[in-house]
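In: this one's sequence-less:
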């Protein structure tokens, strides 16, 4: 059902039959590695990538020599030093959350990137892990399983749950699996939410969640979740990092093993793999179970740190967030998804604060412009034109009515002050302005992709100014929704510009 | 007995809205093999367009138009707005990914869904918006109607059911009787062969998006006449429509209609007879079972191609 | 050589799938009323040539012209509109649609008023299809499907008909029948490009032929000359 | 084999590094709070859902809190205060309140918290806030177990300016039994903490009084209630509908009328919104009498309306104003006591309990009870919706 000329490509890509006459010629011109059956579209991107040369190219080659585990150790060690740079419990907490996201992304990568399965119920396993931990280590049933035994147990429970949910994949492929897992996700949510009254018994406290979840405690040595001053306790960051390291290594070894190779071949051509006698279903189930297991393990870490578990912790936006991480980083590449997790996690956190978000916004626009135009006349025209347009518009608007420019930009700081001299920020927006300007901005931005050359430059100037206007007046007013608007836009743009993600190279076909 | 009639009526009302949403899913899936996760959000945008137009026309308490023209204007503008939205989404989020691996447009669809839902939230806030249709003609839509036994069938429900079925019949005729409809069917069966017949695939796909999105827009208005709408409803409505499409056999037009009604009845009866609390769970568990034993749905053709 | 504008002309076509160079510098001409066959083994680029002609695959360099007009950047549907039709490999019928509907799809680009006439023409050529008109195309036998595919292509009243492996998967008797029909259609003035592995049969009815091998056109000429060609005999005719 | 060794090496380094650093910094947590000067800008942080399904609650609260800061900080208390908002979308669960709280804890210029808005949020963040010495004053968390009962879910640093379900539930239930003479009551909850808590509280009283109750439950995202309405017995007297979305109450009411059910709708404070819930004959309870009838409050409402012309007065906003007022007052006192600086955020906390507000925007004098951090003598008021849509105080 997929790409319609897939089969043909197979035929034509493989020089299987002896050909008369032109044989020599074909050998001479044959590409070094005839990537048979590879997607033309991904290959196009691959080709562009392969052309990279110069200093970057050389650097890349040099760096490629260093074994992966050195990088991992360096990375974890570097992450361990985060607390040295910031006394702020908040920064440490964000670092911890980022590690949790990294773990989630690693787990999802097994399912999507390696198994090639579209699992829309992934977050449910995270929830199952958290609930398993909370039920087995809290006052709820007054069970307090020691952490050292509970963590593997939770991972096992997650794995078994994954195996069971994956079972239907014996018959369900592709979209159907996505549907079943999505339904399973809904079942999980309903079940936990209504668990306060199962035939009159209270199993999960329902929407009130489980409080008083035990902290981690190793051999009688417990790790309080907040310091004496209420700050996030940095020890959880170290624990999470240690678990991350272990999971990373375990998955890496798994991917290098026979199973990993089997997954790869399965992904490249499931039919062929089956014909070769590979236990396709078992392999899929394994991918599913491993992913679920990692998610559940992560759930236990999150539950222990938060000290509480609520059904609402595991809803759809989280799923999208983790998917964004995996897709952005490049499904299939462990380094990629970790990178994706870091970028998205930090991005979401920065967007929380209007002041920081503003800086990031203008920086990204500037970098994007430089990236597209390189330092050139066009870049200068675009930047200058936008600046001039802004000052003129600001001046005119201010002359017409003071109130048009008298508004205060959200938050403050140097950029904010500078911005409010340039962008029109009225004290009070008329009700229709946000919607109209927002829709116009989207229309202009989409229009930009349709025109080329100087026309694009000309269109870019008003678009940029309108973007600044919408950003200051509409989006910064609702930073929380803006975060997800950005996330959604990022997913679409990523798919179109670089579908294999930042570091992914292999094509990922959902079978 | 009265309870049964009432529940059937509830199921029919809800089910016909689900069916309208499901049709959009099925049309697009049939041709592109794409689960258009943004479809529910188109529905949501439709209900908001209806709300906005209603406010422009004076609101439910003081409308400038008489009842029927008002309802028609609201519905048609929502349909038109959604049709445009559907075309834009297709053009910019899906078309560039036409020949990409299957996962790419799927992820893109998730992105569009998120983008739409939260954009609406940025612009209009998260709160529920009520059309307040009860105020139109002093509750005429809710209170007048005819009776079956002791059960009153209110005018609004008749309007919703009739409008939904009319739209479905129109769509059915479009798809089976017109050349473009047949071209859609041909394209969904074999896109390349259809192109070889001179069928403009891009155009067929656009038509599918126009039809599906317009139906979603109509569904948005019909739904919001009875119940409030809010930006986050898109995900839920999408899930329902998608489920309905799956039950019926995704890609099949009569399947989507049947699926929508079945889902509507299933919800109404489980809520009415078994438990309001566990009805969602029951419905989804039944669905998972259904998916396992009849993955192609009621009307879908079994997927012949292996993997 | 005749100097009228060719119906179809490929000039310097280079087609790639990703990094794989499929068609290499292909040139081809088909003139009005001609029956040309394109020969080649598996993976020689026959289907890609067809796809390039149809616009399903875009060449990286080179031009495709129809009636002297450059259509390299024109999408498939619009090329079909300019008087081409195809009987695809494996026929590619619309299985869940009736025979009549399949034929109707063939005439997709023709005004509705002409349909009647076209149906009559095709039913005359294939009376069997008239009997089967309400049957689902997917339920027909291979030979019948071949007729539907031919009929469907003819519905658009093409000036140029492309045939992709008309003999594939058919019993020898049907192959012969198939080629008779091809000849018949060609005699009615429709130029044809027949892509075949079965060189013998196709060359016997063709005016001219091209031979493809790993993406290159290695031989071309009048059909009777090709039949005599040593290399070709060795490679295809097994003699 | 070489690779395996390498992996092992990497692994052990890793674990050792982690453990070492754990031991190293575990004991030496030296993030003691620093004094902040009152002449500099201070921050009051608000923790509430601004986006997502419950976003309208937070948005309403934020507009009122902003208005309170604008109206009071400079003029009345002479403070330079900025309101910062941390969003806790209900979709992300109560745990998000802790994440947001930790962000504010880390910011020394944050000296008081308004919120968390939801009871779940309070339960998850209270401990951390208490450890930081931050008073958190919620304008809307009503779960009883936060301040009362054998096992408290919140710390003593938690205050609320509205009374909890322990008053509202019984008030509503008693009114149903005593005044409305209800024998049969249907209770609807939305599978979220607010409505489950309130429905539980009311149901307990009703059962004790021998009223026959039916409990219905539906997802918070449901907006078409036809089949729930069908389950309402035709002889039911009252439907108790503790929703946080007034539009839901309106819909349920219309759908009851549509199906010819005669039961009277009874909403909690969450349904209190004359612009959205206007089924004549229905009742709503609220923690304040009609504040638009109080002259001082009327002026405030007008002031707020001027800043937010497109919004309508709801029931979540005014308590936020009060909460900010309490916080500002406590900050001012701490500043005075600390001679122009706040040495420790606990100083603000110590003052909260002593605050009196007169007149309070909610009417009368506001002060905290000495026994718990709840408002003293708080009452719930019951309104009946009149045929012209206005709310009339009936109890």
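Out: Yes, it's here. Here the structure is a predicted model, which means the values were calculated and not measured.

In: going forward, measure contacts between C-alpha atoms and count neighbours the same way
Out: Noted.

In: tell me the contacts of residue 196?
Out: As the question left the chain open, I've gone with chain A. Residue A:196 is in contact with A:202, A:203, A:204, A:205, A:206, A:207, counting by CA atoms under 8 Å, 6 or more residues apart in numbering or on different chains.

In: my question was about chain C
Out: Residue C:196 neighbours (CA under 8 Å, 6+ apart): C:37, C:38, C:39, C:40, C:164, C:165, C:166, C:167, C:202.

In: swap the cut-off to 10 Å and go again
Out: Residues near residue C:196 by CA atoms under 10 Å, 6 or more residues apart in numbering or on different chains: C:37-41, C:46-47, C:89, C:163-168, C:202-203, C:211.

In: With residue C:30 instead?
Out: Going by CA under 10 Å, 6+ apart, residue C:30 touches C:5-10, C:36-37, C:66-67, C:160, C:191-193, C:208.

In: 6 Å - rerun?
Out: Contact partners of residue C:30, counting by CA atoms under 6 Å, 6 or more residues apart in numbering or on different chains, are C:6, C:7, C:8.

In: what's the closest non-adjacent residue to the spatially most central residue of chain D?
Out: Centroid check for chain D by CA atoms, centre = their mean gives residue D:140 as the closest residue, at 1.8 Å. Once flanking residues are discounted, residue D:140 sits nearest to residue D:117: 5.3 Å by CA to CA, 6 or more residues apart in numbering or on different chains.

In: what does residue B:219 give?
Out: Leaving out its chain neighbours, the residue that sits closest to residue B:219 by CA to CA, 6+ apart is residue B:17, at 5.4 Å.

In: Please report phi then psi for the residue nearest the centre of chain C.
Out: Of all residues in chain C, the one closest to the mean position by CA atoms, centre = their mean is residue C:162, 1.7 Å from it. With angles defined as degrees, to the nearest 10, residue C:162 sits at phi -100, psi 130.

In: for the one 5 residues further on, same thing?
Out: Here the main-chain torsion angles of residue C:167 (degrees, to the nearest 10) amount to phi -90, psi -10.

In: ok, it - contacts?
Out: Taking CA under 6 Å, 6+ apart, one finds residue C:175 in contact with residue C:167.

In: Which pLDDT does the model give the residue nearest to the centre of chain C?
Out: Reading off the confidence values, residue C:162 has pLDDT 91.

In: partners of it in the sheet?
Out: residue C:86, residue C:193 (DSSP bridges).

In: Return the distance of it relative to residue A:215.
Out: 73 Å (CA to CA, to the nearest Å).

In: Need the contact partners of the longest helix seen in chain C.
Out: As assigned by DSSP state H, the longest helix anywhere in chain C is helix C:172-187. By CA under 6 Å, 6+ apart, the list of residues contacting helix C:172-187 from outside reads residue C:167.

In: ok so, going back, so the residue nearest to the centre of chain C sits against residue C:195, correct?
Out: No - Residue C:162 lies out of contact with residue C:195 (CA atoms under 6 Å); the separation is 7.7 Å.

In: gap between stretch D:284-291 and the chain center?
Out: Centroid separation for stretch D:284-291 versus its chain: 15 Å, with CA atoms, centre = their mean, to the nearest Å.

In: residues in contact with that stretch?
Out: Contacts for stretch D:284-291 (CA under 6 Å, 6+ apart): D:266, D:267, D:268, D:269, D:362, D:380, D:381, D:382, D:383.

In: mind running it again at 8 Å?
Out: Residues contacting stretch D:284-291 (CA under 8 Å, 6+ apart): D:162-163, D:168, D:172, D:266-269, D:271-272, D:297-298, D:315, D:361-363, D:378-385, D:391, D:393.

In: In strands, which of the residues you listed fall?
Out: D:266, D:267, D:381, D:382, D:383, D:384, D:385, D:391, D:393 (DSSP state E).

In: Find the nearest non-adjacent residue to the last one, please.
Out: Once its chain neighbours are removed from consideration, residue D:393 has its nearest residue in residue D:383; the separation is 4.4 Å (CA to CA, 6+ apart).

In: which stretch of helix or strand covers the residue in the stretch 1-150 of chain A positioned nearest to chain D?
Out: The nearest approach of the stretch 1-150 of chain A to chain D comes at residue A:90, 4.5 Å away (CA to the nearest CA). Following DSSP states H and E, one finds residue A:90 within helix A:89-108.

In: cool, and residue C:226?
Out: With DSSP H and E as the test, residue C:226 turns up in helix C:223-228.

In: Which neighbouring elements make contact with that helix?
Out: Counting by 3 or more CA pairs under 8 Å, 6 or more residues apart in numbering or on different chains; DSSP states H and E, the packing neighbours recorded for helix C:223-228 are helix C:199-205, strand C:208-213.

In: Name all residues that make contact with residue A:240.
Out: A:96, A:99, A:100, A:301.

In: try 10 Å
Out: A:95-100, A:102-103, A:246, A:298, A:301-302, A:305, D:18.

In: Check residue D:243 too.
Out: Counted by CA under 10 Å, 6+ apart, residue D:243 has contacts D:188-190, D:192, D:194-196, D:198-199, D:220, D:249, D:267-272.

In: redo that, cut-off 7 Å
Out: The contact partners of residue D:243, by CA atoms under 7 Å, 6 or more residues apart in numbering or on different chains, come to D:195, D:249, D:268, D:270, D:271.
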